[in-house]
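Enquirer: how does the following fold in three dimensions:
(2 chains)
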Protein chains: 2
Amino acid sequence: MRPIAIMSERTRQNAKGPLIVIGGGEDKEEDRIILREIARHLDGGRLVLATVASHEPEGYFDVYQKAFEDLGVTDLVELYVKDRAETLDPEKLRLLDEAAGVFFSGGDQLRIASQIGDTPVEQRIREIHGRGGVIAGTSAGASVMSETMLVKGTSGESHKIGDLHMAPGLGFIRDAIIDQHFAERGRFGRLLGAVAHNPRELGIGIDEDTALVLDGDRFEVIGSGCIYVVDGAGVTHSNIAEAKPERALSMYDVRLHVLSSGDTFDLAHRRPAAVPDVTRSHAIEAQVTG
Amino acid sequence: MRPIAIMSERTRQNAKGPLIVIGGGEDKEEDRIILREIARHLDGGRLVLATVASHEPEGYFDVYQKAFEDLGVTDLVELYVKDRAETLDPEKLRLLDEAAGVFFSGGDQLRIASQIGDTPVEQRIREIHGRGGVIAGTSAGASVMSETMLVKGTSGESHKIGDLHMAPGLGFIRDAIIDQHFAERGRFGRLLGAVAHNPRELGIGIDEDTALVLDGDRFEVIGSGCIYVVDGAGVTHSNIAEAKPERALSMYDVRLHVLSSGDTFDLAHRRPAAVPDVTRSHAIEAQVTG
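Expert: Coordinates of the predicted model:
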């Protein structure tokens, strides 16, 4: 069984498989850096394409089959559930039993969470991850990875206090809120708003054709765009709890990391993984601000 | 002469007039918070509407005349120069001699800098500012206020290393680069890219219908959106000088302040003007990341 082979390649400390979280719009025709990374982790094993996020899943399978075909992903199967009742269907569950990975395609993240959350399907997906399988998601499939997920919020403008809907996600990544199509749809405002709610959660904004590959506590960036990590831990002031709903956000001393291909980030220490200690940054800053 | 009256109201330390820098799209029909602020500083004096940024200035004057009419700005005159030769025209210079303020409307910031930079028109505008007159600018008229101005750069995507054009601006604000239509056009990427070039310059991104009112070293935010201050002083790593032009930006430890109506910021100390000392922020952060 493939998944076992994958697990044996992994570090002993972390039996869980990698998480590949994509900002949407990944290249499907040329270099396919991100899809290639998914294929590499599958190592010839079965990939389940979960199109659950979509109200109309037709077409997704063909697109991904074509994109993955010559990358060695020959055993691609689709999983769709129209409603929660279907998550009990033994045939659908059997699709997952022999899978080496699951890939959530785009659509509406609330459909994923509401239709498969706390069902046998979700349980099977956790088992795949637990035995070293890869879990990937793009666009809505990326948002749903976080513990608290961003459901709705305005793009292309600054955050207004009342203007954000969050909900519990699948929680494959803890203490982080993920947003996607990030620079392309101007979503800085809404991610900052989300972080203001509770700076315990890191905000992670992922551009199109860009992904984080998480292994244990550390992720690496791949793809053509940027990943923005918004850290509110040092925030000295925000108006999120006081201001009226139509009021614009105010929040001082946010720390921001702009990451691109090859950069690594340590979620446990909330730091880029390969740079001087934060005390050094503070020292430089102290000199400048006097 | 009006300007004298204005100057006498101001602090002795700062004879210069206020600078009102608007992110474009300011409300011209309803509350008109920003235009009202300009009118307040004019105190009945003449406002010169400089439409120099536009290749086709027709229409601007009528729009602003209507918008300012019942705010007490009755002496509104238009200044347009097609080319640098016209900046010597005594009639145009006379328009400025009795002005209490100048308002740069939108268009192309490079037109303003290239057509009036280092001309008698620019000199007259500096004199107005020096004797306490208000200098305002919206959109392109905002960009041109900074010492180094952002001329061109892609909106709605992350910064690619080679992808930014900067030029000397009029320099009414030192050590800052201003960008406008900020959240609305998704310009975070390009402002971060600009700051990466030399973190000495603060990046100031101004939303539509939002303005900073600078008096001395301190500005206050007015209007409905946000102003983002990007401080690169503590940056520990950036790839701006090494990476290939098509490469996405990487920059760690940027400090970001999200400001909205009523917030004040001290440019000299690079800090919001009314919050705990930065050391407190660092202490909180050390506990979280520690």
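Enquirer: number of nearby residues for the closest residue to residue A:53 other than its chain neighbours?
Expert: In space, not counting the residues next to it along the chain, residue A:53 is nearest to residue A:107; the distance is 3.1 Å by CB to CB, 6 or more residues apart in numbering or on different chains. For glycine as for every other residue, the C-beta is placed from the backbone atoms N, C-alpha and C. Per other CB atoms under 10 Å in any protein chain shown, the neighbour tally for residue A:107 reads 19.
Enquirer: what of residue A:129?
Expert: A count of neighbours around residue A:129, defined by other CB under 10 Å, yields 21.
Enquirer: contacts only, for the residue of the stretch 1-150 of chain A found nearest chain B.
Expert: The shortest separation between the stretch 1-150 of chain A and chain B is 10.1 Å, found at residue A:23 (distances taken as CB to the nearest CB). Listed by CB atoms under 8 Å, 6 or more residues apart in numbering or on different chains, the contact set of residue A:23 reads A:138-139, A:142, A:180-182, A:205-211, A:223, A:225, A:227.
Enquirer: got any ranges where the stretch 1-150 of chain A has weak pLDDT?
Expert: A:1-14 (pLDDT under 70).
Enquirer: after the strand ranked longest in chain A, next one along is what?
Expert: The single longest strand within chain A, with elements called by DSSP state E, is strand A:251-260. The element immediately downstream of strand A:251-260 (helix or strand, assigned by DSSP states H and E) is strand A:264-266.
Enquirer: ok, that following strand: who's next to it in the sheet?
Expert: strand A:218-223 (antiparallel), strand A:271-272 (antiparallel) (DSSP bridges).
Enquirer: want to throw these into a markdown table with mean neighbour count and mean pLDDT?
Expert: Below are the strands paired with strand A:264-266 laid out as a markdown table (neighbours: other CB atoms under 10 Å in any protein chain shown; pLDDT from 0 to 100):
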| stretch | mean neighbour count | mean pLDDT |
| --- | --- | --- |
| strand A:218-223 | 22 | 97 |
| strand A:271-272 | 22 | 96 |
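Enquirer: which of the three states applies to the residue of chain A found nearest chain B?
Expert: Of chain A, the residue with the smallest distance to chain B, taken as CB to the nearest CB, is residue A:186 at 3.1 Å. For residue A:186, the reduced secondary structure class is coil; criterion used: DSSP: H, G, I helix; E, B strand; the rest coil.
Enquirer: residue contacts, residue A:220?
Expert: A:212-213, A:262-264.
Enquirer: related to what we said a few turns ago, mark which of the contacts of residue A:23 are part of strands, please.
Expert: A:138, A:205-206, A:210-211, A:223, A:227.
Enquirer: of those residues, grab the buried ones for ChimeraX.
Expert: Remark: buried members of these, expressed as a ChimeraX selection using 16 or more other CB atoms under 10 Å in any protein chain shown:
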select /A:138,205,206,210,211,223,227
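Enquirer: quick one: contacts of stretch A:44-62?
Expert: With CB under 8 Å, 6+ apart as the contact definition, stretch A:44-62 has outside contacts at A:2-3, A:6, A:38, A:64, A:68, A:72-81, A:95-96, A:98-109, A:111-112, A:115-116, A:125, A:133, A:139-141, A:144.
Enquirer: for those residues, which PyMOL command selects only the ones that are buried?
Expert: Paste this into PyMOL to select the buried members of those, with burial taken from 16+ other CB under 10 Å:
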select buried, chain A and resi 2+3+6+38+64+68+73+76+77+78+79+80+81+95+96+99+100+101+102+103+104+105+106+107+108+109+111+112+115+116+125+133+139+140+141+144
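Enquirer: quick one: contacts for residue A:105?
Expert: Taking CB under 8 Å, 6+ apart as the definition of contact, the neighbours of residue A:105 are A:49-51, A:53-54, A:57, A:60, A:64, A:138-141.
Enquirer: quick revisit: what's the distance between the residue of the stretch 1-150 of chain A closest to chain B and residue A:184?
Expert: Residue A:23 sits at a distance of 8 Å from residue A:184 (criterion: CB to CB, to the nearest Å).
Enquirer: number of residues surrounding the nearest residue to residue A:184 once chain neighbours are set aside?
Expert: Distances taken as CB to CB, 6+ apart place residue A:208 nearest to residue A:184, at 5.1 Å, with adjacent residues excluded. Other residues lying near residue A:208 total 23 when counted by other CB under 10 Å.
Enquirer: thought residue A:208 was touching residue A:26?
Expert: Yes - the pair formed by residue A:208 and residue A:26 meets the contact definition of CB atoms under 8 Å, at 7.5 Å.
Enquirer: that older thread, packing partners of the longest strand of chain A?
Expert: Other helices and strands packing on strand A:251-260, by 3 or more CB pairs under 8 Å, 6 or more residues apart in numbering or on different chains; DSSP states H and E, are helix A:188-197, strand A:226-231, strand A:237-238, strand B:251-260, helix B:278-289.
Enquirer: make JSON lines out of the ones you listed and add mean pLDDT.
Expert: Output for those, formatted as JSON lines (pLDDT from 0 to 100):
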{"stretch": "helix A:188-197", "mean pLDDT": "95"}
{"stretch": "strand A:226-231", "mean pLDDT": "98"}
{"stretch": "strand A:237-238", "mean pLDDT": "94"}
{"stretch": "strand B:251-260", "mean pLDDT": "97"}
{"stretch": "helix B:278-289", "mean pLDDT": "61"}
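Enquirer: distance to residue B:151 added to these, as CSV?
Expert: Putting the helices and strands packed on strand A:251-260 into CSV (distance: least, CB to CB, whole Å) gives the following:
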stretch, distance to residue B:151
helix A:188-197, 22
strand A:226-231, 22
strand A:237-238, 34
strand B:251-260, 21
helix B:278-289, 32
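Enquirer: looking at the ones you listed, which is closest to residue A:160?
Expert: If you check each of the helices and strands packed on strand A:251-260 against residue A:160 by CB to CB, helix A:188-197 wins as the nearest, at 7.9 Å.
Enquirer: now what about the closest one, what contacts it?
Expert: Taking CB under 8 Å, 6+ apart as the rule, helix A:188-197 contacts A:148, A:150, A:153-155, A:157-161, A:163-164, A:166, A:177, A:179, A:182, A:201-203, A:205, A:228, A:230-232, A:235, A:238, A:240, A:249, A:251, A:254, B:183, B:186, B:188, B:226, B:258.
Enquirer: then stretch A:261-272?
Expert: Contacts to stretch A:261-272, defined as CB under 8 Å, 6+ apart, come from residues A:173, A:175-176, A:202, A:210, A:212, A:214, A:217-224, A:227, A:229, A:231, A:233, A:257, A:259, A:273-274, A:278, B:236-237, B:247-248, B:250, B:252, B:288-289.
Enquirer: returning to what we had before: with distance to residue B:89 added, can I get the strands paired with strand A:264-266 in a markdown table?
Expert: What follows is those, written out as a markdown table (distance: least, CB to CB, whole Å):
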| stretch | distance to residue B:89 |
| --- | --- |
| strand A:218-223 | 54 |
| strand A:271-272 | 56 |
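Enquirer: quick check: pLDDT value at residue A:152.
Expert: As summarised for this prediction, residue A:152 has a pLDDT of 89.
Enquirer: what strand or helix carries it?
Expert: Counting by DSSP H and E, the secondary-structure element that holds residue A:152 is strand A:148-153.
Enquirer: ditto for residue A:162
Expert: Using DSSP H and E, residue A:162 falls within no helix or strand.
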